[in-house]
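Engineer: Kindly generate the corresponding structure for this input.
(4 chains)
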There are 2 protein chains.
Amino acid sequence: MPELPEIVNLARQMDRELKGRKIAALDIRQPKCLNMPPGHFQTLLLGKSFVQVGFKGKWVLAGLRAESPSPRQPSASQHGSEARFLLSLGMGGDALFHAPGAVLPDQYQVRMDFADGSSFTVRFWWFGYAHAATPETLGLHKMTAELGLNPLDEEEFSFDAFAGVLEGKRGGVKSFLMDQRNVAGIGNVYIQDILFLARLHPNRRLPSVTQDEKRRLYGAVREVLAESTGMGGLKYEKDLYGRNGRWDTTRVGYREGKPCPVCGTTIEKIKTGSTSSFICPSCQKPSDDA
Amino acid sequence: MPELPEIVNLARQMDRELKGRKIAALDIRQPKCLNMPPGHFQTLLLGKSFVQVGFKGKWVLAGLRAESPSPRQPSASQHGSEARFLLSLGMGGDALFHAPGAVLPDQYQVRMDFADGSSFTVRFWWFGYAHAATPETLGLHKMTAELGLNPLDEEEFSFDAFAGVLEGKRGGVKSFLMDQRNVAGIGNVYIQDILFLARLHPNRRLPSVTQDEKRRLYGAVREVLAESTGMGGLKYEKDLYGRNGRWDTTRVGYREGKPCPVCGTTIEKIKTGSTSSFICPSCQKPSDDA
DNA sequence: AGTTGCAACAGGGA
DNA sequence: CTCCCTGTTGCAAC
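Structural biologist: Purely as a prediction, here's the structure:
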């Protein structure tokens, strides 16, 4: 579940399903994916319950709290009672909920067992992170602290805000959108259809992008991400219950050799920096500077 | 007098000529070339006498001291009595000594008048610096503090030291030698003949440079710089007394269209990054990676 | 299919 | 023909 639409849906499901569940046990099979020694990680999370689950870019951010021994105690006196759980699926993988008694998968990097017998397993295909923090250290968590605009938030991701982040940048349009410090949540899947809809070549230099093209790009980001989010994310990715999404890269992404849905020209796969891009050479012409 | 051979000769002459001379007045016509407000600059240098003059890369470094009011006073008690004068001619210019009564040039950025009526003028063609420091702040002077090996010092610039600085670097051989943090004093004039003698293309990647080629490169650096230093520097540059040097770029530097002195092939002028290079396309073949 | 950190590189400015 | 600073790009690592 790499990119923003999948993360949004996963976080929403986790919020509903995990809220109130108390972490009774932690099975950490790959300590390397943590940001601290396993013992410290356990100390931070064990015995705490999920309060709410949200997202930030490609990260799931969960807030947990220890159940107050005396409910009338003011929260200020509950030292160390709050924690944050931060999850990044990296290049893919899944995060699954298992009802009490359900069969657990063989492979996972981290497993949480809840007090009621249900479980939560996290499996990475490659390079994922299961991090923990306190409210105080959350700001020091670089991978989430420096994330840029949330493209699904209409207030935050206004056209003016988008144009403001673009201001003065000189690189290519693809590397700009994939830099999580600018806009948070776009990866190498959704970028393909975004650039196709905006009719921009991936290597197009930002200084030459016109106001009209900025508008198209802005609209394409919103359209593609909202569309997939509404369809439960990519059809190749699984949600919290192992169900696949319904969105497919129906335009150009990963469709080399097939015809462009607009003009019929054969879609090409090209190398752009260290990543691959899929373009319609007719709809997304390289510019003089691209 | 941009590069090391000219600076070495200038510093040597300044050491002999200026030693003991006391700065009686300072005429600062271009405050931008200083590293502090003119008033502070004057406070540091006025009334002090040159003690010795040396060099570091393309910089002339002079030590000055206030004459001790009581010669038997230990130096530790003479607070603020020492100063450093740092001079960089940038892309060219001259630093001239004028005997008492001599006619001064019309144009200069900084003029020093000495107590005996003699003078010293500094003129930049472009971007030069006349800086001052105390013994305490000298280490904070980034432009001189981070300079690398002195290629004219046989002890310091041993082949092993040279190979040590090369170790692990992955860029091109020209940008390596022109980076003053590696070896200090080589600019775009001497680099041309150095690379020609070493038979290396400017863009040759360091990881592919063989031990033999490293030896050739090391020898070429020493040979070219020592040769020019012994001839008083470049024939287009002037020394402290306005006299030109005798060294010319006799091999390939700035000789596009003329024949290579070794094989007769026509010398080419090529763009290498942001600087120009002059090569014999036959003697300095580009490698697979260059 | 991702992110970091570093080295190398390019552009603008003094 | 110089240098510094900044942003960008490429590479290796996890």
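Engineer: is it true that residue A:41 touches residue A:27?
Structural biologist: No: applying Cβ atoms under 8 Å, one finds residue A:41 not in contact with residue A:27, separated by 11.6 Å. Where you see a C-beta, it was placed from the backbone N, CA and C, and this is true even at glycine.
Engineer: So for the two, which sits in the more crowded spot?
Structural biologist: Taking neighbours as other Cβ atoms under 10 Å in any protein chain shown, residue A:41 and residue A:27 compare with residue A:41 leading, 21 against 13.
Engineer: Confirm that one sits in a strand?
Structural biologist: No: according to DSSP: H, G, I helix; E, B strand; the rest coil, residue A:41 belongs to no strand; its state is helix.
Engineer: dump the residue contacts of it.
Structural biologist: Applying Cβ atoms under 8 Å, 6 or more residues apart in numbering or on different chains, we find residue A:41 in contact with A:26, A:28, A:34, A:132.
Engineer: which stretches of the stretch 151-290 of chain A have low pLDDT?
Structural biologist: A:290 (pLDDT under 70).
Engineer: In stretch A:89-100, which residues are buried?
Structural biologist: A:89, A:90, A:92, A:93, A:94, A:95, A:96, A:97, A:98 (16 or more other Cβ atoms under 10 Å in any protein chain shown).
Engineer: any idea whether the second one is helix, strand or coil?
Structural biologist: For residue A:90, the reduced secondary structure class is coil; criterion used: three-state DSSP.
Engineer: now the residue nearest the centre of chain A: how far from DNA strand D?
Structural biologist: The centroid of chain A falls nearest to residue A:58 when counting by Cα atoms, centre = their mean (1.8 Å). Distance, residue A:58 to DNA strand D, using Cβ to the nearest atom of the strand, to the nearest Å: 15 Å.
Engineer: Got phi/psi on that residue?
Structural biologist: In terms of degrees, to the nearest 10, the main-chain angles of residue A:58 are phi -90, psi 10.
Engineer: Could you do residue A:19 as well?
Structural biologist: phi -50, psi 130.
Engineer: In contact with the closest residue to it other than its chain neighbours: list those residues for me.
Structural biologist: Leaving aside its chain neighbours, residue A:19 sits nearest to residue A:50 (5.3 Å; criterion: Cβ to Cβ, 6 or more residues apart in numbering or on different chains). The neighbours of residue A:50, taking Cβ under 8 Å, 6+ apart as the test, are A:14, A:18, A:19, A:20, A:21, A:62, A:63, A:64.
Engineer: Which among these count as buried?
Structural biologist: Here, 16+ other Cβ under 10 Å leaves A:14, A:18, A:21, A:62, A:63, A:64 buried among the contacts of residue A:50.
Engineer: Next one, pLDDT for the residue nearest to residue A:29 when sequence neighbours are not counted please.
Structural biologist: Nearest residue to residue A:29, sequence neighbours excluded (Cβ to Cβ, 6+ apart): residue A:109, at 5.6 Å. The model reports residue A:109 with a pLDDT of 96.
Engineer: that older thread, quick check: beta-bridge partners of the residue nearest to residue A:19?
Structural biologist: Bridge pairing for residue A:50 (DSSP bridges) gives the partners residue A:64.
Engineer: Residue A:31 contacts residue A:37, doesn't it?
Structural biologist: Yes: if you go by Cβ under 8 Å, residue A:31 and residue A:37 touch, sitting 7.4 Å apart.
Engineer: Comparing those two, which residue is more hemmed in?
Structural biologist: Ranked by neighbour count (other Cβ under 10 Å), residue A:31 and residue A:37 place residue A:31 first, with 14 against 11.
Engineer: Next, give phi and psi for the more buried one.
Structural biologist: phi -60, psi -20.
Engineer: give the contact list for it.
Structural biologist: A:37, A:38.
Engineer: got a pLDDT number for it?
Structural biologist: At residue A:31, pLDDT is 94.
Engineer: can you pull out the helices in chain A?
Structural biologist: Taking DSSP state H, the helices of chain A run over residues A:4-18, A:38-45, A:142-145, A:159-166, A:173-178, A:190-198, A:211-230.
Engineer: tell me the most buried of these?
Structural biologist: helix A:190-198 (a mean of 25; mean count of other Cβ atoms under 10 Å in any protein chain shown).
Engineer: Quick check: which ranges of the stretch 1-150 of chain A have low pLDDT?
Structural biologist: In the stretch 1-150 of chain A, residues with pLDDT under 70: A:1, A:68-79.
Engineer: Contact residues of it facing DNA strand C?
Structural biologist: Applying Cβ under 7 Å from any atom of the strand, we find that the stretch 1-150 of chain A lies next to DNA strand C at A:2-3, A:57-58, A:88, A:90-92, A:125-127, A:142-143, A:146.
Engineer: just checking, residue A:148 touches residue A:180?
Structural biologist: Yes: if you go by Cβ under 8 Å, residue A:148 and residue A:180 touch, sitting 6.3 Å apart.
Engineer: any common contacting residues for those two?
Structural biologist: Contacts common to residue A:148 and residue A:180, judged by Cβ under 8 Å, 6+ apart, are residue A:57.
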